[in-house]
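Asks: Could you work out the structure for the sequence below:
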Amino acid sequence: GEAVVLRGRAYEREAVPYKAVDSVIDALSRCMLRLADEGALVTLPEDIWWLGRLFPVLQRVPGVTTAPRDQPDDDAHGLRLRAFGALRELLATIAARQPLVLFVDDVQWGDADSAALLLELLGSPKVPHILLLMTYRDDEAGKNPFLAEMRDRWPEGAEVRDLTVGPLDLADAQRLAIALLDASDRMAQRLARAVAREARGSPFLVEELVRSNR
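Replies: The predicted structure is shown next:
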């Protein structure tokens with residue numbers, strides 16, 4: 001409860017714009033609705049209407065659709081940058097209240113538009129104080145436009161840490177299986193040992209094998 005975590009995920013077969021951040025924006029809209037219900041209204045940026053146009057889910061948030069807007073003659077790129085700027089201001093406002101984390105899983109399925117948005121957030125002089133946490137499968141890293149764009153255009157001065165998460169060892173896999181089984185009798189111990197051996201360090205397979213053996 002000390003931090004706001006906006007969690008999302010990219011999906012391989014999903015065909016939506018900004019597919020690596022779309023579900024994060026969904027989480028942002030839920031966060032803002034919750035704050036509104038609690039009476040803790042967030043000050044909306046000047047260009048929030050354009051952000052709501054880019055991500056319609058935000059139009060559920062009070063004040064987004066009724067926000068004042070001009071009718072500029074900007075091209076589509078200019079309007080997109082205004083929407084990006086509104087998102088940056090909005091995240092900065094939330095981050096000023098409490099720590100803010102953007103967590104995106106499976107970004108190996110992300111797209112170049114999502115990379116452009118995140119790089120705009122991280123590369124501005126007014127960077128919001130956020131932790132951006134992304135996970136991806138290393139065997140997909142070399143062929144993904146999102147990851148290539150993020151690597152090639154990562155803003156100078158923005159701190160980055162790469163952590164490799166390897167397979168679980170046998171003892172840890174067994175402990176995970178026990179935790180998922182929610183039992184520790186002899187039968188559960190036997191099943192946990194078998195699951196740990198079969199999964200070969202993959203927590204995903206540990207979970208699936210436990211579920212199928214229940």
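Asks: From the chain's centroid, how far away is the helix ranked longest in the chain?
Replies: In the chain, with assignment by DSSP state H, the single longest helix is helix 76-97. What separates the centre of helix 76-97 from the centre of its chain is 16 Å, taken as C-alpha atoms, centre = their mean, to the nearest Å.
Asks: on contacts alone, who are the packing partners of it?
Replies: helix 22-37, helix 48-54, strand 100-105, helix 112-123 (3 or more C-beta pairs under 8 Å, 6 or more residues apart in numbering; DSSP states H and E). Quick note: C-beta positions are derived from backbone N, CA and C, even for glycine.
Asks: make it 7 Å
Replies: Packing contacts for helix 76-97, counted by 3 or more C-beta pairs under 7 Å, 6 or more residues apart in numbering; DSSP states H and E, involve helix 48-54, helix 112-123.
Asks: need the contact list for Q108.
Replies: 136-137, 140-141, 144, 147 (C-beta atoms under 7 Å, 6 or more residues apart in numbering).
Asks: Tell me the confidence at it?
Replies: On pLDDT, Q108 comes in at 91.
Asks: any idea how far it lies from R161?
Replies: Using C-beta to C-beta, to the nearest Å, Q108 is found at 18 Å from R161.
Asks: Most remote residue from the middle of the chain, which is it?
Replies: R186 (39.8 Å; C-alpha atoms, centre = their mean).
Asks: quick one: contacts of the longest helix of the chain?
Replies: By C-beta under 7 Å, 6+ apart, helix 76-97 touches 4, 42-43, 45, 47-48, 50-51, 54, 100, 117, 120-121, 124, 126, 128-130.
Asks: Equivalent analysis for stretch 33-43, please.
Replies: Here stretch 33-43 makes contact (C-beta under 7 Å, 6+ apart) with 32, 60-62, 93-94.
Asks: now the end-to-end length of that stretch.
Replies: End-to-end distance of stretch 33-43 (C-alpha to C-alpha, to the nearest Å): 13 Å.
Asks: Likewise for stretch 176-191?
Replies: 12 Å.
Asks: Buried ones in that stretch, by neighbour count?
Replies: Within stretch 176-191, the residues that count as buried by 16 or more other C-beta atoms under 10 Å are 176-178, 180-181, 191.
Asks: How far does that stretch sit from its chain's centre?
Replies: Between the centre of stretch 176-191 and the centre of its chain there are 32 Å (C-alpha atoms, centre = their mean).
Asks: Cheers, nothing more for now.
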